[in-house]
Every structure is written in C-alpha cells, then in structure tokens.
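Participant: Give me the fold of what follows.
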Amino acid sequence: MTAWQQLLRRRFDRAASRYDDLAQLQQQSAQRLLLSALPHLHAASPSLRILDVGCGTGWLIQQLHQQAGLDLATMYALDLSEGMLHSVKSAPHASVFKVCADAAALPFASSSMDILLSNFALHWCDDPSQALNELHRVCAPGGHAFCVIPVAGSLSARGAASGAGASLLPLADWQRALQVSPWTLRQAEIETYEEFHDSPSAWLSTLRELGVTAQRPTTVRASVSPRQALQQLQQRLEAARESRGIPLRYEVWRIHLQA
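Facilitator: Okay, here's the model as predicted:
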C-alpha cells in the first residue's frame, strides 16, 4: 500500500463513525445514481452480481436493497477503509460481502460483475485510465457501470491552490481516459452539489470530519507556518461567502457506461 493510500485509509477510518450524519451531498448524489441504475437492475437477472466501489458506510447498498428489492442479488461492498467497512450493514435477504481493497486493483475475476456503482470515490485514484480499465475488466459483457466522480472546480472556496479540491483531476483528464478505454458511454452529465456553512470553522470542520482533507504527496505547499496557512484559508473562505453562507460545493461528472 502506498503512502497516499495509507493516508486515505487513516482519514476515512477516523471519519466512519460520523460520516453518514455529515455526508448529505454524497447521499443526494447516491440517490440520483440509484435512480439512474434502477431500470437496468429491474431488467436484469434476479441473481445479479453488484459491486459498489468505494462503498463508504454502505449507504448506497442499503438504499439499493430497499428500493430495488434484490433479494437474490449478491452485493460486494469494496472500500480502502476498514473503518468504513465495519459500518456496512448486511442487507436483509441478500448476500453482502465486504472487501477491503483499492479501486484501481480490484480483487475479482474478469467479467465477474453485472452492475458496478461508484459514488464520490474514483477521484481518489491516481490514474483515470487504470481505474476505468480495471472497472471494465471485472464487468461482464453487456454489464453497466454508474459512476459519480468529483472533478477540479470542487471545493473552490478553499482557493485554487489549497486543500483537497486542488488535488482533484480536471474533467478533461477523465474524458480523455474514457475515450481510450473499452467502455461505451451511454450517458454523461455535469452536476453541482452544494451546501452552505455559517463560518469558516464550520466549513473546515465538516471537511475534516468527512475525511476529505487529504492532500496528495505531490501537492505543492506554500512555505508558510501552519497558523499562517490556516489564517489565509479562513480569509479565502470568508471572501467566498455568498448570501446563504460559505459554499461547500462539488462539481461532479456523472456517467453511465456499458461493457
């Protein structure tokens, strides 16, 4: 496991206990993802093999079972964080297997999954082409993948060169990777999810407790003290204030792919 993966695991292990209470935007996105996937779930075999890549606490899997009634489906909940996986609950009358692994190196046989889901997870991968190709490898011919990927422009209130938002890849990088991948693009949308906070401290606290403040080792850091960096960040957040408060905003790429 790389140093970057170890850092991500620690951050999300710590965030697991409160994640569902704070991840309102992620849950809104997951609900949209589920609505897109439902017609394909109902049209497929009842013995579906479903993989949730970057499952977090398993919120999407729970909703999937409740809304789709997939009693005969086999579901795989995959995440890099063991703490998140401990929070995944088994769905009644359905098999849910928890797997601790990296999305870019899936421990499954080729063509072993019928439906792949990934919400707010693939942006942590270093190489878009590797991630997309690995998803395709495990997807059965004719299978589907529904993914939501945050891209550069998210968390812009932090400033262009600061924090987790700065390490997100541009949309164009993902689009280029998809063009040379074996996937067929069925649908793509750009969406914005946002919430507002009363103060810089509340904004930062939410990000910290969600575990999303991790910065890649290659991120360039200014030669200022931690206190100065915090003061500058608070100033940027205050300058970004809108009428409803300081925006915590994600720009995401929602895609439906078919193998």
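Participant: Please state the offset of the host helix or strand of Ile255 from the chain centre?
Facilitator: Following DSSP states H and E, one finds Ile255 within strand 246-258. Relative to the chain's own centre, strand 246-258 is displaced by 9 Å; criterion: C-alpha atoms, centre = their mean, to the nearest Å.
Participant: same check, this time on stretch 193-210
Facilitator: 18 Å.
Participant: Show me what counts as buried in it.
Facilitator: 193, 195, 197, 200, 203-204, 206-207, 209-210 (16 or more other C-beta atoms under 10 Å). The C-beta positions use only the backbone N, C-alpha and C, and glycine is treated the same way.
Participant: How about Asp127, nearest residue that isn't a chain neighbour?
Facilitator: Counting by C-beta to C-beta, 6 or more residues apart in numbering, Ala104 is the residue found nearest to Asp127 once chain neighbours are left out, at 6.7 Å.
Participant: So which residues of the stretch 1-150 of the chain form strands?
Facilitator: Along the stretch 1-150 of the chain, counting by DSSP state E, counting those that start in this stretch, strands occupy 49-53, 74-79, 95-100, 113-119, 139-150.
Participant: In TSV: those strands, plus mean pLDDT.
Facilitator: Below are the strands of the stretch 1-150 of the chain laid out as TSV (pLDDT from 0 to 100):
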stretch	mean pLDDT
strand 49-53	96
strand 74-79	94
strand 95-100	92
strand 113-119	97
strand 139-150	97
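Participant: The ones you listed: which one's closest to Gln258?
Facilitator: Relative to Gln258, the nearest member of the strands of the stretch 1-150 of the chain by C-beta to C-beta is strand 139-150, separated by 5.4 Å.
Participant: quick one: buried residues of stretch 168-186?
Facilitator: Buried-residue list, stretch 168-186, by 16+ other C-beta under 10 Å: 168-169, 171, 174, 177-178, 181, 183.
Participant: Could you list every helix and strand that the helix or strand encompassing Arg236 packs against?
Facilitator: In the assignment (DSSP H and E), Arg236 maps to helix 226-239. Under the contact criterion of 3 or more C-beta pairs under 8 Å, 6 or more residues apart in numbering; DSSP states H and E, helix 226-239 touches helix 200-210.
Participant: Good, we can wrap up now.
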